[in-house]
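Novice: based on what follows, work out the 3D shape:
(one chain, ligands or ions: 1)
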Amino acid sequence: MKVCDPMKKIIVIGAGAGGLAAAMILSARGYEVEVFERDGHIGGRARTLDLDGHRFDVGATFLTGDAPIKAVFAAAGEVLENHVTLQPIDPLYEFIFKDGNLKPTTDQTLMRKELERAFPRHVVDYFDFIDRQKAKFQALAPLSRTTFHTPLNYLRLSVLKTWWHKDSRQSVFKRLNRMFADETFAHIMSFQTKYLGMSPHEAPAYYTFLSYLEFANGLYRVKGGLGNLFEAMRKVIEIYGGKVHLKTPVKRLLIHDRHVHGIVLEDDSYRSADIVINSADFGHFIKQLVPPKHQRKYKTKIIDAQDRSLSAFVMYLGLDKTYNLEPHTLILADNMDEYYRVLMKEHQIPDHFTVYIHNPSAIDSSLTDEPNHSSLYILLSVPNTTHPIDWEKATPALREAVFKRIKERTHLHDLQKHIVVEKTLTPIDWERDFALEKGAVFGLSHTRNQTLYRRPHNRFNDIKNVYLVGSDTHPGSSIMQVFQSALLTTRLITKN
Ligand SMILES: Cc1cc2nc3c(=O)[nH]c(=O)nc-3n(C[C@H](O)[C@H](O)[C@H](O)COP(=O)(O)OP(=O)(O)OC[C@H]3O[C@@H](n4cnc5c(N)ncnc54)[C@H](O)[C@@H]3O)c2cc1C
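Specialist: Alright, predicted model coming up:
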């Protein structure tokens, strides 16, 4: 699929979802592409982790819908289904709360029955909400398909039409609680704002469409783990002559006269390029890779003042047993308002927390070498390292508290007896091993000051011929948004 300007040399920093997607599209389009990755694996914070024959998605566990991922492969002239199998996750979750549970599904008939059982007063409200959010989401969609590297982009007709829907006077929770008087149900419909780095009490009502996206479009996972998707991308890159270098950290950009000319590697050798695409965390990029004398709008002190998302305490358990537990289970804190207050205002680990359990082995037996074994992933949202916690001290007690909570609320009473291998990641690990500024797993928050034109642009204005992809540029965090960023950024490059 050689379709454009030949032999421009492009260097991509980082082989996470964003870097690989951009590299795949551009190498298929005839550019000479080299990817430099500091880690020994591809996939970044979404890579596959192998613990003694038990495989885990290290970070991202599900994809919201399948459109951008198909579009990324199509942009490289490939068909996604020829490379990986997407498995729908349905029921989407099991929510377990103090006095009941709910298993939302995309099957409207089953969903009606499920709501009649668990929240009968909100059956009509729910379907009304889904209809309205569908219209709202469709109206807002042009925002994620437009780049915002100049304020003039706001003047496009498709963008102007979205203003009507950009209501931000109330918070997501307030708006949803007005629709759904039952607070537990309002929390189920609003917890997704955590993925944007905000509590539903802070996120503007503009984002009420997030739960619609999950509940209407469905959730998917990649059979065998997200690592299979990234391997497929690497294969396509290499077919077109591109190269992916592992364990090759980039030390800094090579800049002259506000133009990038290449990169300098750790061993002080350099590689020249016409264009450099950065996919590393934006804070890490500015602080480590752009020498201070070349920093303009974004300086270290600006990076330190930016709002970043929560971090995560994640336990990966290889088990010699399989449990009949939904792939996604969320045990909600008994008092969600208190939970958000302690987590996001006091920046502490709440005593009564929400636990997310990912049990992909329920639908995918390819994750373990041994039959009847399974790979269980448990995640707690915790403050990022802006708010220091002594994780060495906190981890053992938190681990025990997690097991206690799971025992109280699920049938996994003998879980600890069946652990054959275990690993835990704390915010310190996300910061150090995954090069994430402040260990913020979802990167820059989507506050009003950090979205659209105010988010770092797909074309980096400070240095010519530098572009950005990934969580910290437009449109934002999550695998699907990151793929969308790769589509936008590569479109800018191929147009020039
Ligand atoms: C615990 C957790 C749970 C999540 N859950 C979900 C989910 O369920 N669904 C979802 O859609 N999203 C989820 N996310 C978010 C999603 O994983 C990210 O938005 C996405 O993976 C970000 O991809 P990226 O390419 O922007 O960044 P990264 O994956 O961070 O990739 C950047 C790459 O750059 C490399 N790099 C950094 N510095 C250098 C350097 N100097 N030289 C060379 N290479 C460098 C890094 O090693 C890394 O490989 C989750 C994230 C985490 C951590």
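
Novice: low pLDDT regions in the stretch 1-150 of the chain?
Specialist: Scanning the stretch 1-150 of the chain for pLDDT under 70 picks out 1-7.

Novice: likewise for the stretch 251-400 of the chain?
Specialist: In the stretch 251-400 of the chain (pLDDT under 70), no residue qualifies.

Novice: interface residues of it facing the ligand?
Specialist: 279, 280, 281, 284, 289, 312, 314, 379 (C-beta under 6 Å from any ligand atom). For glycine as for every other residue, the C-beta is placed from the backbone atoms N, C-alpha and C.

Novice: near the last one, how many other residues are there?
Specialist: Neighbour count for residue 379, taken as other C-beta atoms under 10 Å: 21.

Novice: list the beta-bridge partners for the residue nearest to it when sequence neighbours are not counted.
Specialist: Among residues not flanking residue 379 along the chain, residue 356 sits closest, at 4.4 Å (C-beta to C-beta, 6 or more residues apart in numbering). Beta-bridge pairing of residue 356 under DSSP bridges involves residue 330, residue 379.

Novice: before we move on, the earlier item: distance to residue 87 and secondary structure added to the residues of the stretch 251-400 of the chain next to the ligand, as a markdown table?
Specialist: Formatted as a markdown table, these follow (distance: C-beta to C-beta, whole Å; DSSP: H, G, I helix; E, B strand; the rest coil):
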| residue | distance to residue 87 | secondary structure |
| --- | --- | --- |
| 279 | 26 | coil |
| 280 | 30 | coil |
| 281 | 29 | coil |
| 284 | 33 | helix |
| 289 | 37 | helix |
| 312 | 23 | strand |
| 314 | 21 | strand |
| 379 | 20 | strand |
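
Novice: which of those residues has the largest number of neighbours?
Specialist: Most surrounded of these: other C-beta under 10 Å gives residue 279, at 32 neighbours.

Novice: list the contacts for residue 426?
Specialist: Contacts for residue 426 were tallied using C-beta atoms under 8 Å, 6 or more residues apart in numbering; they are 311, 313, 382, 391, 395, 439.

Novice: tally of neighbours for the closest residue to the third one other than its chain neighbours?
Specialist: Nearest non-adjacent residue to residue 382, counting by C-beta to C-beta, 6+ apart: residue 313, 4.8 Å away. In terms of burial, residue 313 registers 24 neighbours under the definition other C-beta under 10 Å.

Novice: now swap in residue 138 and tell me
Specialist: 11.

Novice: tell me which element it is part of?
Specialist: Residue 138 is located in helix 123-140, with elements delineated by DSSP states H and E.

Novice: packing partners of that helix?
Specialist: If contacts are counted by 3 or more C-beta pairs under 8 Å, 6 or more residues apart in numbering; DSSP states H and E, helix 123-140 sits against helix 108-118, helix 209-217.

Novice: buried residues in it?
Specialist: 123, 125, 126, 129, 133, 136, 137, 139, 140 (16 or more other C-beta atoms under 10 Å).

Novice: pick the most deeply packed of the helices and strands packed on helix 123-140.
Specialist: helix 209-217 (a mean of 20; mean count of other C-beta atoms under 10 Å).
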